[in-house]
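J.: Here is the input, now give the coordinates:
(one chain, ligands or ions: 2)
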Amino acid sequence: MSISTSSLELGTTFATELPELALPWRAEEAPEPRLLVLNQPLAVELGLDPAWLRSDDGVRLLVGNAVPAGATPVAQAYAGHQFGGYSPRLGDGRALLLGELGGPGQRRDLHLKGSGRTPFARGGDGRAVVGPMLREYVVSEAMHALGIPTTRSLAVVATGRRVQREVPMPGAVLARVAASHLRVGSFQLARSTDDADLLRRLADHAIARHHPAAADAANPALALFEAVVAAQASLVARWMLVGFVHGVMNTDNVTISGETIDYGPCAFLESFDPTTTFSSIDAQGRYAYGNQPVVMEWNLARLGEALLPLVHDDEAEAVTLVTDALGGFRRQYSAAWSAGLGAKLGLTGAASEEPVVDDLLRLLQENHPDLTSFFRALTTAAGTGDREPARSLVVDLAGIDAWLDRWLALGPDADLMRRTNPVVVPRNHLVEEALDAATAGDLEPFGRLVEAVTHPFEERPGLERYAEPAPDSFGGYTTYCGT
Ligand SMILES: Nc1ncnc2c1ncn2[C@@H]1O[C@H](COP(=O)(O)OP(=O)(O)OP(=O)(O)O)[C@@H](O)[C@H]1O
Ligand SMILES: [Mg+2]
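T.: Ligands and ions are numbered 1, 2, ... in the order given. You can find the predicted model right below:
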């Protein structure tokens, strides 16, 4: 059924340029769609009318029951390394790319997650449930508010269908917006077909869409690889600085654009401990907080392998070029991490390279304070001279006193610290509390949580509890696996 009341036009660039990776498909009809949350500011930014999106026609679009005239929804094919093992054929098993919003240079995918089985569904039911889709909504919007590149969430619509999980759960569809859904796994799939033309078209599509400067480079495929390495080095440094743990850094969950994608078993670190993992399916701790940079480097090596035939006709030469480019990851990651940590400590220029910055890490590892609270406590120390909030979060008082003396002597900029260190991140216990209430039908806690985490640098009266760690979180962690 086409939408008569809207002039919404969706582009089909991906489906047209890369038909081998785009399987035309339709969403499963939702029996009783009901809008749970709409991202009004994002709708406006995209040039969509929020009032129309809230209407019956709008909700039918957002859940996949209606497709705008001229659009070609597709399930996207990709491959991927999952927990280190290669799956040659993944693809959108429960998702669809509806089409693209905006023109060249600002194209954004409108995508549905949880919209029913596709030919890539393997054993899955193609569905998603309310809790995890609201989790993706709130965490991705928090990440955006923190200034971290991410896919965005436009809406979550309940389908009115019960979905079988451990117990039956209410079904939902997330409408997601992204610079694109090209993944490292998209390149792995294109490479595995041995179709050189497909691989080249995919690279050209990615360059045009995300890294246009690479088109003018002497070696565009190598320049594309370097651009993705740079974008991901910067992204992972940002994750690490706020304590974000992605949880499923499989190569199919790593974008070419440099946006964070797929908020499954993700969470924010509370007590500082690099071995922290939140996913009950990650028993080995492969995707633990402290492993994220090295895992991203490994994932980018898989992208480099996929690009080899485009980089040079001579394979040995191609391997040398790609290996050199991958070497940039560690340098760029370290530079981004160090500059970011310096800013969190109110230090810029030469002061941000003082040993006192690195020495803080030892203090954090030995005392494992709540990361977010600790940096806000340091902000207080820099702004008012009051050291007690910071001292109250650590055990080694002599150690923190000596460290504070050295750091405060450098004259940290408290305003920079206020702009850099969030007061509010989506804390695990508050997210779980809001999702449990929403699943039971009460969306109010979820609304308050979204309000708090989308203003992360503000201390807001009435929202104090969103800035507090869980009462029993000291040294502990939550186990969660979203579906
Ligand atoms: N319930 C399901 N039914 C069918 N396929 C599924 C289901 N859940 C996950 N998949 C598929 O399994 C693979 C890995 O899932 P993963 O959790 O990484 O992705 P996702 O959360 O579904 O989506 P995305 O990466 O787009 O955010 C993907 O190919 C995904 O489409
Ligand atoms: Mg995924």
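
J.: Tell me how many other residues crowd A335.
T.: If you count neighbours by other Cβ atoms under 10 Å, A335 ends up with 13. From N, CA and C alone the C-beta is placed, and that goes for glycine too.

J.: wait, I meant T193
T.: Around T193 there are 14 other residues, counting by other Cβ under 10 Å.

J.: Tell me the predicted confidence for the nearest residue to it once chain neighbours are set aside.
T.: Among residues not flanking T193 along the chain, E20 sits closest, at 7.2 Å (Cβ to Cβ, 6 or more residues apart in numbering). According to the prediction, E20 has pLDDT 98.

J.: Sketch out the low-pLDDT regions of the chain for me.
T.: By pLDDT under 70, the weakly predicted segments of the chain are 1-6, 472-483.

J.: And the helix or strand hosting V163, how far out from the chain middle?
T.: Using DSSP states H and E, V163 sits in strand 152-164. Strand 152-164 has its C-alpha centroid displaced from the chain centroid by 19 Å (Cα atoms, centre = their mean, to the nearest Å).

J.: Which secondary structure elements does that strand sit against?
T.: Strand 152-164 sits against strand 34-38, helix 40-45, helix 56-63, helix 130-145, strand 168-178, with contacts defined as 3 or more Cβ pairs under 8 Å, 6 or more residues apart in numbering; DSSP states H and E.

J.: Now for E29: which residues touch it?
T.: N65 (Cβ atoms under 8 Å, 6 or more residues apart in numbering).

J.: hmm, try it at 10 Å
T.: E29 is in contact with 60, 63-66, 116, 159, 161, counting by Cβ atoms under 10 Å, 6 or more residues apart in numbering.

J.: Neighbours of the nearest residue to V453 once chain neighbours are set aside, how many?
T.: The shortest distance from V453 to any non-neighbouring residue, by Cβ to Cβ, 6+ apart, is to A142 (3.8 Å). Residues lying near A142 (other Cβ under 10 Å) number 27.

J.: Touching, A142 and T150? I think so.
T.: Yes. Taking contacts as Cβ atoms under 10 Å, A142 lies within contact range of T150: 9.0 Å.

J.: Now the common contact residues for those two.
T.: The overlap between the contact sets of A142 and T150 (Cβ under 10 Å, 6+ apart) consists of 244, 263.

J.: rewinding a little: nearest to A206, of the helices and strands packed on strand 152-164?
T.: The minimum distance between A206 and those falls on strand 168-178, with 13.2 Å, by Cβ to Cβ.

J.: Which residues of this structure lie near ligand 2?
T.: 253, 262 (Cβ under 5 Å from the ion).

J.: Would you mind measuring from the residue of the chain most remote from its centre to S271?
T.: Of all residues in the chain, A398 has its C-alpha farthest from the mean position, at 38.4 Å, by Cα atoms, centre = their mean. To S271, A398 is 21 Å away according to Cβ to Cβ, to the nearest Å.

J.: how far does stretch 86-100 stretch from start to finish?
T.: Terminal residues of stretch 86-100 lie 30 Å apart, using Cα to Cα, to the nearest Å.

J.: and that stretch with ligand 1, contact?
T.: Yes. Stretch 86-100 reaches ligand 1 (Cβ under 6 Å from any ligand atom) through 90-95.

J.: how many neighbours does V395 have?
T.: 10.

J.: Now do the same for it: helix, strand or coil?
T.: Look at V395: counting by DSSP: H, G, I helix; E, B strand; the rest coil, its state is coil.

J.: Skip the chain neighbours and tell me the closest residue to it.
T.: V395 sits nearest to N367 (Cβ to Cβ, 6+ apart), 5.4 Å away.

J.: close enough to count as contact, that neighbour and A398?
T.: No. N367 lies out of contact with A398 (Cβ under 10 Å); the separation is 11.7 Å.

J.: quick one: what helix or strand has the residue farthest from the centre of the chain in it?
T.: Secondary-structure assignment from DSSP H and E places A398 in helix 397-408.

J.: about what we covered before: can you pull the contacts of the residue nearest to V395?
T.: Counting by Cβ under 10 Å, 6+ apart, N367 makes contact with 271-272, 374, 393-397, 399-400.

J.: any idea which of these is closest to G243?
T.: G243 has its nearest neighbour among the contacts of N367 in F272, at 7.6 Å by Cβ to Cβ.

J.: what about that closest one, neighbour count?
T.: For F272, the count of nearby residues is 20 (other Cβ under 10 Å).

J.: residues contacting it?
T.: 243, 289, 361, 363-371, 374, 393.

J.: Recalculate using a threshold of 6 Å.
T.: Counting by Cβ atoms under 6 Å, 6 or more residues apart in numbering, F272 touches 364, 368, 371.

J.: quick one: which of these sit in helices?
T.: In helices, judged by DSSP state H, the following of those are found: 364, 371.

J.: Just the buried ones out of the contacts of F272, please.
T.: Burial by neighbour count, 16 or more other Cβ atoms under 10 Å: within the contacts of F272 this picks out 364, 368, 371.

J.: what separates the closest residue to the first one other than its chain neighbours from L146, distance-wise?
T.: Pointing back at L364 there. Distances taken as Cβ to Cβ, 6+ apart place F272 nearest to L364, at 4.4 Å, with adjacent residues excluded. For F272, the distance to L146 (Cβ to Cβ) stands at 18 Å.

J.: same thing with P422?
T.: Remark: distance between P422 and L146 (Cβ to Cβ) = 6 Å.

J.: Mutual contacts of the two, please.
T.: What both P422 and L146 touch, as defined by Cβ under 6 Å, 6+ apart, is the set P456.

J.: what helix or strand is the residue nearest to C266 when sequence neighbours are not counted on?
T.: Spatial nearest neighbour of C266, chain neighbours left out: G247 (4.6 Å); criterion: Cβ to Cβ, 6+ apart. Assigned by DSSP H and E, G247 belongs to neither a helix nor a strand.

J.: what does the stretch 151-300 of the chain put close to ligand 1?
T.: 248, 252-253, 261-262, 264.
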